[in-house]
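Participant: Pasting a predicted model and its sequence here:
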Amino acid sequence: MAGGGFCRLPDGTVVVALTLSRPPEGSGCPDAPVRVLVHAVNRARALTRLRNLGLRAVYLRGNSQPPTPDEITAVLHHPDGLLWRTAPQAGQELWHPIRALLGPTGYAGPARPAA
């Protein structure tokens, strides 16, 4: 991982921003760094949300690249609270939901019992 950081919001929640040096295998994303944003109750919960989606080797060490105000606004206005785009931003690329990054190999939810 290249870098990341977090910002505590007035309501006590946090926004964690991570720059992944490589996108996940089979994501269909170009081989460019990816900036991921997570809104959660605390830093540990944010990292757990990413690990539960299959991004196992995600760690936050330090606060070298905290989320910008624009990134915080973007993640707060998204219903899932999980967004990504390539980094460094080229032009005006929009944020994508995390499902678009993980593709069909990502977490599909809890297994349902056979009927």
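Facilitator: Received it, and whenever you're ready, just let me know what you need. Residues are numbered from 1 along each chain as shown.

Participant: So which residue is smack in the middle of this protein?
Facilitator: residue 36 (3.1 Å; C-alpha atoms, centre = their mean).

Participant: Can you tell me the SS state at it?
Facilitator: Three-state assignment for residue 36 (DSSP: H, G, I helix; E, B strand; the rest coil): strand.

Participant: confidence score at it?
Facilitator: With respect to pLDDT, residue 36 scores 90.

Participant: how much space is there between the residue nearest to residue 33 when sequence neighbours are not counted and residue 80?
Facilitator: Leaving aside its sequence neighbours, residue 33 sits nearest to residue 87 (C-beta to C-beta, 6 or more residues apart in numbering; 4.7 Å). The way it works is simple: take the backbone N, C-alpha and C, and place the C-beta from them, glycine included. Residue 87 sits 19 Å away from residue 80, going by C-beta to C-beta, to the nearest Å.

Participant: Tell me which of the two has more neighbours.
Facilitator: Using other C-beta atoms under 10 Å as the criterion, residue 87 and residue 80 rank with residue 87 on top: 20 against 12.

Participant: what comes into contact with stretch 71-87?
Facilitator: By C-beta atoms under 8 Å, 6 or more residues apart in numbering, the residues outside stretch 71-87 that reach it are 7, 9, 15, 17, 19, 29-30, 32-40, 49-50, 53, 67, 93-98, 100-101.

Participant: What's the end-to-end length of it?
Facilitator: 12 Å (C-alpha to C-alpha, to the nearest Å).
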